[in-house]
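**Student:** Any chance you could fold what I've pasted below:
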Amino acid sequence: MNRFKPNPFLRHLALGVAAASVLATSLTQAAEPTAACADFYAHVNGPWLASTELPPDRARIGSFDQLAISNTRLLIRALDTLLADPQRQNTNGLKLLAAWYGSALDPAIAKAAGLKSAQPLLQRIDSLKDRRELPLLLAEFTRGRLGGPLGMVVMADNQDVRRHVLSVGGSGIGLPDRDDYLKTDATSKRLQDGYRQYARQLLQLSGQAHDEATLDALLAFEKQLAESMLTAVERRNPQATNHRRTLQSLQSEAPGFDWAAWARAAGASDDRLKADQEFMLPQPRHAQATARLAQEAALSTWQTYLRVRLLDALAPWLDEPYQIASFDWKDRLQRGLTKASPRSEQLIYLIGGRTGWEPLAQTLGELFVRESFSPQAQARANAMIEDVRAAMRTRIDGLPWMTAATKQRAQDKLASLSAQIGGPTQWPDYSGLTLDPKDPAGNFMKVQAWGHAQRLADLPRPTDRNRWDTSPHIVNAFAAGQNRIVFPAGILQPPFFDEKASDASNYGGIGMVIGHEIIHHFDDRGRQYDAVGNLKDWWAPEDAAAYKARADRVADFYSRYEVLPGLRINGRQMLGENISDLGGINIAFDALQLALKRQNLPATEANAAARQFFTTNAVIWRGKQRNEALEQQIRTGQHSPGPFRVRGPLSNMPAFAQTYGCKAGDGMVAEDPVSVW
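**Tutor:** Now for the predicted structure:
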């Protein structure tokens with residue numbers, strides 16, 4: 001049984017490297033410090049938790065957030081300089097960035113522009129009279145990435161990552177998760193009521209007549225889409241989403257909707273997607289539901305739905321009443337904020353996106369790398385990656401439950417894993433994109449359509465393993481497709497990494513992140529991909545069975561953690577992240593031992609280094625979070641809350657117990673330890 005019963009104040013950092021939640025409990029208010037072997041998270045972070053205030057414009061505050069805020073403010077200063085001195089806008093990307101940022105910073109500009117750029121699409125929605133018009137109308141939402149039910153992306157083909165494949169998916173729902181439509185608990189009801197109010201506000205602001213029956217129909221429509229979608233746990237299984245179709249077969253499977261007309265209008269012209277050419281369809285039931293709704297749902301409901309989806313996408317770029325409505329729904333209700341962050345900070349997030357994948361995100365990265373990243377930092381980070389890789393190599397060799405043949409294939413995969421550090425050497429030139437300094441919402445629509453067209457242009461081309469998909473300013477790290485790990489410059493800073501800091505500190509920070517991302521390629525999802533990144537089974541059956549048994553124990557272990565009263569970690573939903581935490585901290589510690597061995601340190605100094613390693617690791621996961629944001633994270637996310645990213649891995653780690661002299665019965669010693677790697 002896991003001993004910790006966390007109190008209500010946890011936070012989650014929604015980061016690709018690993019989300020963090022943090023405990024601010026009665027432990028932090030205790031007069032006596034918490035013993036390391038009782039609760040190492042509170043032992044290290046107690047004083048910080050007791051003294052740190054959660055600002056009204058933040059759902060969370062902690063190490064990841066503080067660094068992200070620092071990066072954002074650096075970018076704001078650089079953008080202010082760009083706006084003041086146009087001669088510094090010496091690339092096409094920086095000119096576009098300055099135009100968009102400047103247009104959206106001035107509230108008078110958004111107010112004057114209004115819905116001007118959206119009017120043609122709004123008029124098409126209002127004039128919808130025939131179901132046969134729906135494929136072309138939905139294609140406009142697809143082409144503009146405006147939140148309709150059908151999405152279209154180009155990605156590396158998981159059957160042959162040397163080539164691109166088209167993937168047709170999407171969701172088209174306004175609530176955070178499909179389960180929020182289907183559950184009847186208090187939180188789901190609160191979210192349903194909040195979304196209803198938000199939709200009402202969007203319709204009112206745009207001058208659209210409506211009544212309660214209109215909103216009832218909207219929620220019922222979206223519920224049908226939600227029912228057709230996979231659950232969060234189901235979506236984690238690559239095999240559950242590995243479906244292939246042609247336009248011909250999809251037309252037979254989901255009749256009543258002209259799929260070929262939609263695809264052509266969305267940009268997949270006949271020469272890019274022939275009628276008999278296969279594409280990915282991750283959720284066939286969702287496509288069937290969309291086709292069924294195209295035939296059965298009232299056209300007036302389609303009109304309401306599409307208007308709300310469009311206005312929701314545009315709201316952050318429109319004038320203040322729309323921004324307030326969006327804030328009240330997405331930030332106040334879902335995340336517990338009581339105040340909006342400064343507009344300049346909002347714009348950095350909006351332009352770059354949460355993971356740095358938005359079309360113009362790398363303009364921010366270009367600006368950031370100019371200001372803050374050195375070749376020396378890149379060289380040291382690369383050396384650390386090789387140490388962690390070497391530690392993983394040794395760990396694979398020592399696994400008692402894996403046969404020699406599977407070990408060799410695992411070693412082959414590890415050897416072929418490539419790392420991207422810092423940022424790209426060449427930036428996009430954004431040819432063909434022009435923006436209007438007087439129309440922020442119109443600029444958003446132009447940028448999204450341009451990004452969609454750029455990705456579709458990749459379809460006939462071979463993939464490029466060296467391509468950067470994220471922006472370097474992001475405080476995050478990624479286990480990417482094609483057997484890659486990615487570490488943007490944004491996270492290669494204190495407290496995660498400092499080129500002048502000790503090995504112990506760096507391996508406890510970014511070293512653990514490196515280990516975590518490497519293990520992701522061997523977690524319950526990543527292990528299903530081979531050395532080049534193809535979805536291919538390379539496991540001996542007995543080894544796959546042994547892996548599953550160990551992974552099941554990890555899921556059960558974490559599922560016993562209660563985060564809020566009646567709310568536990570979903571060990572299945574968060575399994576990949578927890579496996580990566582458990583393995584990542586171990587191989588990072590082993591890598592530190594390699595570095596210390598080269599230095600020939602005496603035992604006392606080696607023990608001090610181990611303590612510094614574990615302390616830094618606890619520091620990077622500290623933070624505070626509002627209950628609303630925490631609950632949403634547990635319901636929909638894939639990462640365990642931060643305290644358990646310290647307690648869970650370290651309580652299963654013999655090296656930690658040895659370093660601090662922890663014994664059976666202590667809070668930081670698991671009764672029945674779990675491990676995979």
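**Student:** Sketch out the low-pLDDT regions of this protein for me.
**Tutor:** Filtered on pLDDT under 70, the chain yields the residue ranges 1-31.
**Student:** for it, what's the longest helix?
**Tutor:** For the chain, the helix with the greatest residue count under DSSP state H is helix 575-599.
**Student:** Give the other helices and strands that the helix or strand following it contacts.
**Tutor:** The helix or strand immediately downstream of helix 575-599 is helix 603-620, counting by DSSP states H and E. The contact analysis (3 or more Cβ pairs under 8 Å, 6 or more residues apart in numbering; DSSP states H and E) places helix 603-620 against helix 40-51, helix 63-84, helix 503-506, helix 575-599, helix 642-651, helix 654-660. No exception for glycine: its C-beta is placed from N, CA and C like everyone else's.
**Student:** Give the buried residues for the last one.
**Tutor:** Going back to what we said before, that points to helix 654-660. Neighbour counts over helix 654-660 (16 or more other Cβ atoms under 10 Å) mark 655-657, 659-660 as buried.
**Student:** Figure out which of the helices and strands packed on helix 603-620 is closest to Asp319.
**Tutor:** Asp319 sits nearest to helix 63-84 of all these, at 20.7 Å, using Cβ to Cβ.
**Student:** quick one: which helix or strand includes Met152?
**Tutor:** Remark: Met152 resides in strand 151-157, with elements defined by DSSP H and E.
**Student:** what does whichever helix or strand comes after that strand contact?
**Tutor:** The helix or strand immediately downstream of strand 151-157 is strand 160-169, counting by DSSP H and E. With contact meaning Cβ atoms under 8 Å, 6 or more residues apart in numbering, strand 160-169 is reached by 150-159, 245, 263, 268, 272-273, 278-283, 286-287, 458-463, 481-482, 532-534.
**Student:** how about a cut-off of 6 Å?
**Tutor:** With Cβ atoms under 6 Å, 6 or more residues apart in numbering as the test, strand 160-169 has contacts from 151-155, 157, 273, 279-282, 458-459, 462-463, 482, 532-534.
**Student:** ditto for stretch 411-431
**Tutor:** Under the criterion Cβ under 6 Å, 6+ apart, residues 92-93, 96, 362, 365-366, 369, 373, 378, 381-382, 385, 392, 396, 468, 472, 483-487, 489, 531 lie in contact with stretch 411-431.
**Student:** how about Leu567, what does it touch?
**Tutor:** Ile634.
**Student:** So what sits opposite it in the bridge?
**Tutor:** Leu564 (DSSP bridges).
**Student:** where's it relative to Leu293, distance?
**Tutor:** 33 Å (Cβ to Cβ, to the nearest Å).
**Student:** Please apply the same query to Pro400.
**Tutor:** Remark: distance between Pro400 and Leu293 (Cβ to Cβ) = 53 Å.
**Student:** which of these two has more neighbours?
**Tutor:** Looking at Pro400 and Leu293 with other Cβ atoms under 10 Å, you find the greater number of neighbours at Leu293, namely 23 against 5.
**Student:** Excluding chain neighbours, what is closest to that one?
**Tutor:** Nearest residue to Leu293, sequence neighbours excluded (Cβ to Cβ, 6 or more residues apart in numbering): Gln224, at 6.2 Å.
**Student:** Next secondary structure element downstream of whichever helix or strand that neighbour is part of?
**Tutor:** For Gln224, the element it lies in under DSSP H and E is helix 212-227. Where DSSP H and E defines the elements, the next helix or strand beyond helix 212-227 is helix 232-235.
**Student:** Buried residues, that next one. List them.
**Tutor:** Using 16+ other Cβ under 10 Å as the test for burial, helix 232-235 gives 232, 235.
**Student:** who's in contact with it?
**Tutor:** In contact with helix 232-235 (Cβ under 6 Å, 6+ apart) are residues 240, 572-573.
**Student:** and with 7 Å instead?
**Tutor:** 177, 240-241, 572-573, 636 (Cβ atoms under 7 Å, 6 or more residues apart in numbering).
**Student:** So which bits of stretch 410-418 are buried?
**Tutor:** 410, 413-414, 417.
**Student:** Looking at the residues you listed, which are in strands?
**Tutor:** Among these, no member falls in strands (criterion: DSSP state E).
**Student:** Next, format the residues you listed as a markdown table and append distance to Ala453.
**Tutor:** A markdown table is the format used below for these (distance: Cβ to Cβ, whole Å):
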| residue | distance to Ala453 |
| --- | --- |
| Ala410 | 40 |
| Lys413 | 35 |
| Leu414 | 37 |
| Leu417 | 32 |
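**Student:** Tell me what Ile152 is bridged to.
**Tutor:** Not quite, residue 152 is Met, not Ile. Beta-bridge partners of Met152, counted by DSSP bridges, are Val168.
**Student:** so can I have JSON lines of the helices and strands packed on helix 603-620 showing distance to Tyr181?
**Tutor:** Formatted as JSON lines, these follow (distance: least, Cβ to Cβ, whole Å):
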{"stretch": "helix 40-51", "distance to Tyr181": "35"}
{"stretch": "helix 63-84", "distance to Tyr181": "30"}
{"stretch": "helix 503-506", "distance to Tyr181": "45"}
{"stretch": "helix 575-599", "distance to Tyr181": "25"}
{"stretch": "helix 642-651", "distance to Tyr181": "29"}
{"stretch": "helix 654-660", "distance to Tyr181": "43"}
